[in-house]
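Colleague: A predicted structure for the sequence below; I have some questions about it.
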Amino acid sequence: MAGLKKVVLRTGMEALYFTGAHHLLRPLLGGVGAILTLHHVRPPRTGSFQPNRLLEVSPEFLDDVIKGLRHGGIDIVTLDEMHRRLKEQDFRRRFVCVTFDDGYRDNLRYALPILKRYEAPFAIYIPTSFPDRAGELWWLTLEAVIARHSRVALVMDGEDRRYDCHSTEAKYELYEHIYWWLRSLDSEDELREVVRDLGARYGVDSAAFCKDLCMTWEEIGEIAADPLATIGAHTVNHVMLKKASDADVRGEMQQSAAVIEATLGMRPAHFSYPVGDRTSAGPREFRIAAEAGFKTAVTTRPGVLFPEHAAHLTALPRLSLNGEYQQRRYAKVLLSGAATALWNGFRRVDAA
């Protein structure tokens, strides 16, 4: 099913690009700007089973995208400048914000030199448990369990389940099956307990992912000192906030901002919802983010920015630079607004 979805999406974007429809539709659907989402920036990994490959792009692709924006005359701006333009309705020039979620070390090693080369402002949203080395990157634990074993057993919905996953195709199918079952659980605590148990039983050191992949506070401070950088909040524990109580949502937002302020000396004015799709953040979270004092908050709901987003500053859409679609033509189609307009049924704002 996941493979079929990729084929459909790729075919759709190819059609929009090669027919020139994306170029014709851009004046109508392209909005006033866009926010790009990235996670990892690093050389491609080896191995046929990489279910989280969508979260990583190569340095060469990032360089190509940033260079294309510069050559295309699109302003690359800070989140503060985006906020100003939306509030003041200053849309004389199209703009793009470049954002990274989670604070991975490869952002420092591979992305920062590219962004500095093009003098491109950017933002990194930090879940504070990651540099504190208490973070749980549960999606990587699940990947490692399936990658390293040909049989996997777990309790799902009160029943013992056993799965054979000898082939790469079977591993992908199993990952999708367990991942979306985990996402369907009512409680984030329940999800994490299942994954902790899997990691313990199958010998996967979950803590090592956080230590090996995520920046320390010292490294985050190095990036924060660069005038191009904005550090935003991304909760403490990278939880899907829609599954949490009102008090926990406020706590995750406010405590993450407080920890960043205490550590770096600056209180973050901008926020990113972990996971960020419709099942993870909605009107309640948008309201609480505004009440917590954030100037903007970003989702992963796909879309470009329109003037109307000035009234929905804590429910902003983004465009994902997806590791499965690392061609500049796909970035052009996304920035045209054509693909996301079709996805959104031509709604300019999706904040419900």
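Modeller: Great, that's in hand. Numbering: from 1, shown residues only.
Colleague: tell me where the longest helix sits in the protein.
Modeller: helix 246-264 (DSSP state H).
Colleague: mean confidence for whichever helix or strand comes after that one?
Modeller: With elements assigned by DSSP states H and E, the helix or strand that comes after helix 246-264 is strand 270-272. For strand 270-272, mean pLDDT is 98.
Colleague: taking helix 246-264 as reference, get the angle to whichever helix or strand comes after strand 270-272.
Modeller: The helix or strand immediately downstream of strand 270-272 is helix 283-291, counting by DSSP H and E. Relative orientation of helix 283-291 versus helix 246-264 (axes from the mean of the first three to the mean of the last three C-alpha atoms, to 10 degrees): 40 degrees.
Colleague: helix 283-291 and the next helix or strand after helix 283-291, what's the angle between them?
Modeller: Using DSSP H and E, the helix or strand that follows helix 283-291 in sequence is strand 296-302. When the same axes, to 10 degrees is applied, the directions of strand 296-302 and helix 283-291 differ by 150 degrees.
Colleague: ok, residues contacting strand 296-302?
Modeller: Applying C-beta atoms under 8 Å, 6 or more residues apart in numbering, the external contacts of strand 296-302 come out as 35, 37, 79, 82-83, 99, 125, 269-273, 275-278, 281, 286, 289-290, 313-320, 339-340, 343-344, 350. Quick note: C-beta positions are derived from backbone N, CA and C, even for glycine.
Colleague: hmm, try it at 7 Å
Modeller: 35, 37, 79, 83, 99, 270-273, 275-278, 281, 286, 289, 313-320, 340, 343, 350 (C-beta atoms under 7 Å, 6 or more residues apart in numbering).
Colleague: just how off-centre is whichever helix or strand comes after that strand within its chain?
Modeller: Following strand 296-302 in sequence order, the next helix or strand is strand 316-320 (DSSP H and E). From the chain centre to the centre of strand 316-320 is a distance of 9 Å (C-alpha atoms, centre = their mean, to the nearest Å).
Colleague: adjacent strands (with direction) for strand 316-320?
Modeller: strand 33-38 (parallel), strand 296-302 (parallel) (DSSP bridges).
Colleague: break this structure into its domains for me.
Modeller: 2-133+215-343, 138-207 (automatic domain parsing).
Colleague: whichever of the contacts of strand 296-302 end up buried, select them in ChimeraX.
Modeller: Selection of buried members from these for ChimeraX, criterion 16 or more other C-beta atoms under 10 Å:
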select :35,37,79,83,99,270,271,272,273,275,276,281,286,289,313,314,315,316,317,318,319,320,340,350
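Colleague: could you export stretch 227-234 as PDB, CA atoms only?
Modeller: Provided in PDB are the C-alpha atoms of stretch 227-234 (Å, rounded to 0.1, in the frame of the first residue of the first chain):
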ATOM      1  CA  PRO A 227      22.900  35.000  12.800                       C
ATOM      2  CA  LEU A 228      21.100  32.900  10.200                       C
ATOM      3  CA  ALA A 229      19.600  30.500  12.800                       C
ATOM      4  CA  THR A 230      16.400  30.600  14.700                       C
ATOM      5  CA  ILE A 231      15.800  28.000  17.500                       C
ATOM      6  CA  GLY A 232      12.200  27.000  18.000                       C
ATOM      7  CA  ALA A 233      10.400  24.700  20.500                       C
ATOM      8  CA  HIS A 234       9.200  21.200  19.600                       C
END
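Colleague: got the contact list for that stretch?
Modeller: 78-79, 101-102, 115-116, 119-127, 220, 223-224, 253, 256-257, 260, 264, 268, 270-272, 274.
Colleague: check these for burial and list the buried ones.
Modeller: The buried subset of the contacts of stretch 227-234 (16+ other C-beta under 10 Å) comprises 78-79, 101-102, 115, 120-127, 220, 223-224, 253, 256-257, 260, 264, 268, 270-272, 274.
Colleague: which stretches of the protein have low pLDDT?
Modeller: The model of the chain has pLDDT under 70 over residues 1-4.
Colleague: for the residue nearest to A257 when sequence neighbours are not counted, list each beta-bridge partner.
Modeller: Leaving aside its sequence neighbours, A257 sits nearest to A233 (C-beta to C-beta, 6 or more residues apart in numbering; 4.8 Å). Beta-bridge partners of A233, counted by DSSP bridges, are I126, F271.
Colleague: any idea how far A233 is from D75?
Modeller: 25 Å (C-beta to C-beta, to the nearest Å).
Colleague: of those two, who's got more company?
Modeller: Counted by other C-beta atoms under 10 Å, A233 and D75 do not tie: A233 has more neighbours, with 29 against 17.
Colleague: buried ones in the helix or strand encompassing W139?
Modeller: Using DSSP H and E, W139 sits within helix 138-148. The neighbour-count check on helix 138-148 (16+ other C-beta under 10 Å) flags 138-147 as buried.
Colleague: now do stretch 202-210
Modeller: In stretch 202-210, counting by 16+ other C-beta under 10 Å, buried: 202, 204, 206, 209-210.
Colleague: stretch 295-306: end-to-end distance?
Modeller: Start-to-end span of stretch 295-306 (C-alpha to C-alpha, to the nearest Å) is 17 Å.
Colleague: which residues in the stretch 51-200 of the chain form helices?
Modeller: 59-71, 79-88, 105-106, 112-117, 138-148, 168-184, 188-201 (DSSP state H, counting those that start in this stretch).
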